[in-house]
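Enquirer: fold the following and give me the result.
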Amino acid sequence: MNETTETSSLELEEVAELFRLVYPAFIVEIDRAEATRGKLKEFHLAMAAEHAKNSVRILGWDSRRTLNAIFETYKDIYLLKGRTAADLWSKDTFGCTPEIAMNDPDGARELEAKIEAMQLLIQEKEAELLHLYREIHMLQEMFAIKNQPVVTVKGITPSDEGDPS
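Expert: Next up, the predicted model:
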């Protein structure tokens with residue numbers, strides 16, 4: 001039983017470290033959304049958490065599940081008591097504060113770089129898709145022309161045209 005306790009506390013410490021790692025991206029996303037919408041609803045908090053989790057590439061299933069529970073707790077506190085209480089809970093539980101997140105904008109810069117890279121990739125894919133749409137449209141027109149029925153004049157078919165008999 002002692003090994004289980006040690007493993008659990010080790011896993012909790014790893015997840016706490018992950019939360020501290022994604023917290024800056026989470027806070028940046030919340031700040032951005034609050035500046036636009038005011039106090040956030042459950043959906044926007046979930047989106048901010050998803051953006052933060054996606055900024056870390058090393059998440060395994062168990063870590064992600066535990067991290068989801070942490071974000072769920074933050075969301076519940078935010079919705080019931082407000083952002084100040086949720087931020088205070090993050091500070092008391094994990095040592096994370098919005099000030100630390102803002103003073104360490106690497107998470108935000110990394111997130112912005114990922115967003116820009118994804119936007120460029122989307123633009124490239126859209127251009128490629130547009131080219132493919134044009135090509136398929138042209139091929140469909142050629143197919144339609146080729147499959148038009150042959151009209152014969154006075155009972156002469158195209159195969160008979162060269163025959164003098």
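Enquirer: domains in this protein, as residue ranges please.
Expert: With automatic domain parsing as the criterion, the domains of the chain are listed as 2-104, 106-148.
Enquirer: let's have the ones you listed in TSV, adding mean pLDDT and mean neighbour count.
Expert: C-betas here are computed from N, CA, C, even on glycine. Below are the domains of the chain laid out as TSV (pLDDT from 0 to 100; neighbours: other C-beta atoms under 10 Å):
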stretch	mean pLDDT	mean neighbour count
domain 2-104	80	16
domain 106-148	82	11
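Enquirer: work out for me the element Glu14 sits within.
Expert: Taking DSSP states H and E as the criterion, Glu14 maps to helix 2-37.
Enquirer: other SSEs contacting that helix?
Expert: helix 42-54, helix 61-81, helix 83-94, helix 98-103, helix 106-146 (3 or more C-beta pairs under 8 Å, 6 or more residues apart in numbering; DSSP states H and E).
Enquirer: compare those helices and give me the one nearest Leu18.
Expert: helix 61-81 (5.8 Å; C-beta to C-beta).
Enquirer: Leu12: what's it in contact with?
Expert: Thr66 (C-beta atoms under 8 Å, 6 or more residues apart in numbering).
Enquirer: my read: Phe94 touches Leu21, true?
Expert: No - the criterion here is C-beta atoms under 8 Å, and Phe94 misses it with Leu21 at 10.5 Å.
Enquirer: coming back round to it: for Ala33, which of the helices and strands packed on helix 2-37 is the nearest?
Expert: helix 42-54 (5.0 Å).
Enquirer: contacts for that closest one, please.
Expert: So helix 42-54 is contacted by 22-23, 25-26, 29-30, 33, 37, 40, 59, 64, 67-68, 71, 74-75, 78-79, 111, 114 (C-beta under 8 Å, 6+ apart).
Enquirer: again with stretch 68-81
Expert: For stretch 68-81, using C-beta under 8 Å, 6+ apart, the contacting residues are 15, 19, 26, 40, 42, 45-46, 49, 52-53, 85-86, 89-90, 94.
Enquirer: if we go to 10 Å?
Expert: 15-16, 18-19, 22-23, 26, 30, 39-42, 44-46, 48-50, 52-53, 83-90, 93-94, 96 (C-beta atoms under 10 Å, 6 or more residues apart in numbering).
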